[in-house]
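J.: compute the structure for the input listed below.
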Amino acid sequence: MPKLIRYNGLTIALLSLFAVSFIGQSLTGHARYNEDQHDHGRFEITYIEYIRSSAFVESVFENWESEFLQMAVYVWLTSFLYQRGSAESKDPDRPEEVDEDPETHRSDSKAPYPVRAGGLLLKVYENSLALSLFVLFVVSFVLHWLGSYGKTCHEQSMHGETCSTLFRHLGSSTFWFECFQNWQSEFLSIAVLVVLSVFLRQKGSPESKPVHAAHTETGK
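T.: Below is the predicted model of the structure:
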């Protein structure tokens, strides 16, 4: 197997699945959008016009927002909360390598530059994974908000209604329903994974404990 695929196979597979799903969403979304346009006696739009529309932006970032929020919160919570027996948790009864003081590794030439530099740069780097995910969540949240506003205005215009303001839409039940319907499913799915990994196994997966491990054994 070529080294590129062997060393990056997980990323390649996930991005390939993303690309297929993304294209599938855009094609089916375009067809559905034009069906709605036809039902309201309006002109159909091209595929390019659709992927630039607020309807497509809303549908994409509504989902990305919830995914990034889930990952950000999960990374942050697992740094100080525990679930005994779960492969997704640190062991509450013994110290973990991830809790080591990075200052003790400043002389290690293989350590990342922020570790060797220390100071404020190191403090930011210590939390860079959760911070980057929270930033991606905020960006997706704003784009979802803008897309949702444009989509709602389009629907209101088709029904002869006056479009509300951007900030009024931020406080609308429509927008927050779009948010919460995705957030709740993301938090449930990760909670299910945390609990199931206590009792169930997947041989060969780093997200599972060894098949022979006791249910009370915590961590990978």
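
J.: for Arg94, which three-state class applies?
T.: coil (DSSP: H, G, I helix; E, B strand; the rest coil).

J.: how many neighbouring residues does it have?
T.: Number of residues near Arg94 (other C-beta atoms under 10 Å) recorded here: 8. The C-beta positions use only the backbone N, C-alpha and C, and glycine is treated the same way.

J.: what's the burial count for the closest residue to Pro210 other than its chain neighbours?
T.: Spatially, and ignoring its direct neighbours in sequence, Pro210 is nearest to Arg201 (7.4 Å; C-beta to C-beta, 6 or more residues apart in numbering). By other C-beta under 10 Å, the residues close to Arg201 number 15.

J.: check contacts around the spatially most central residue of the chain.
T.: In the chain, the C-alpha nearest the mean C-alpha coordinate belongs to Glu67, at 2.2 Å (C-alpha atoms, centre = their mean). Shown in contact with Glu67 (C-beta atoms under 8 Å, 6 or more residues apart in numbering): Glu186.

J.: Leu143 too?
T.: Counted by C-beta under 8 Å, 6+ apart, Leu143 has contacts 57, 61.

J.: do you know the pLDDT at it?
T.: Leu143 carries a pLDDT score of 97 in this model.

J.: Val57 versus that one, what's the distance?
T.: 6 Å (C-beta to C-beta, to the nearest Å).

J.: same thing with Phe180?
T.: Distance from Phe180 to Val57, by C-beta to C-beta: 19 Å.

J.: which of these two has more neighbours?
T.: It is Val57, of Phe180 and Val57, that has more neighbours when counted by other C-beta under 10 Å, with 18 against 11.

J.: which strand or helix spans that one?
T.: Using DSSP states H and E, Val57 sits within helix 54-77.

J.: show me the contacts for Phe199.
T.: 85, 215.

J.: swap in the one 10 residues further on?
T.: Contacts for Lys209 were tallied using C-beta under 8 Å, 6+ apart; they are 87, 197, 201, 217, 219-220.

J.: can you do 6 Å?
T.: Lys209 makes contact with 87, 217 under the criterion C-beta atoms under 6 Å, 6 or more residues apart in numbering.

J.: and the gap between it and Leu81?
T.: Taking C-beta to C-beta, one finds Lys209 at 18 Å from Leu81.

J.: please apply the same query to Glu178.
T.: Distance from Glu178 to Leu81, by C-beta to C-beta: 28 Å.

J.: now do the helices in the chain.
T.: Here the chain has its helices, by DSSP state H, at 3-39, 47-51, 54-77, 113-117, 119-126, 128-158, 166-170, 173-199.

J.: relative to helix 54-77, how tilted is the first one?
T.: Spelled out, that is helix 3-39. 140 degrees (axes from the mean of the first three to the mean of the last three C-alpha atoms, to 10 degrees).

J.: and if you look at the last one?
T.: Using the same axes, to 10 degrees, the interaxial angle of helix 173-199 with respect to helix 54-77 works out to 40 degrees.

J.: low pLDDT regions in the protein?
T.: Within the chain, the ranges that satisfy pLDDT under 70 run 1.

J.: give me that answer again for 90
T.: For the chain, applying pLDDT under 90 flags the ranges 1-4, 36-42, 93-99, 103-109, 154-164, 219-220.
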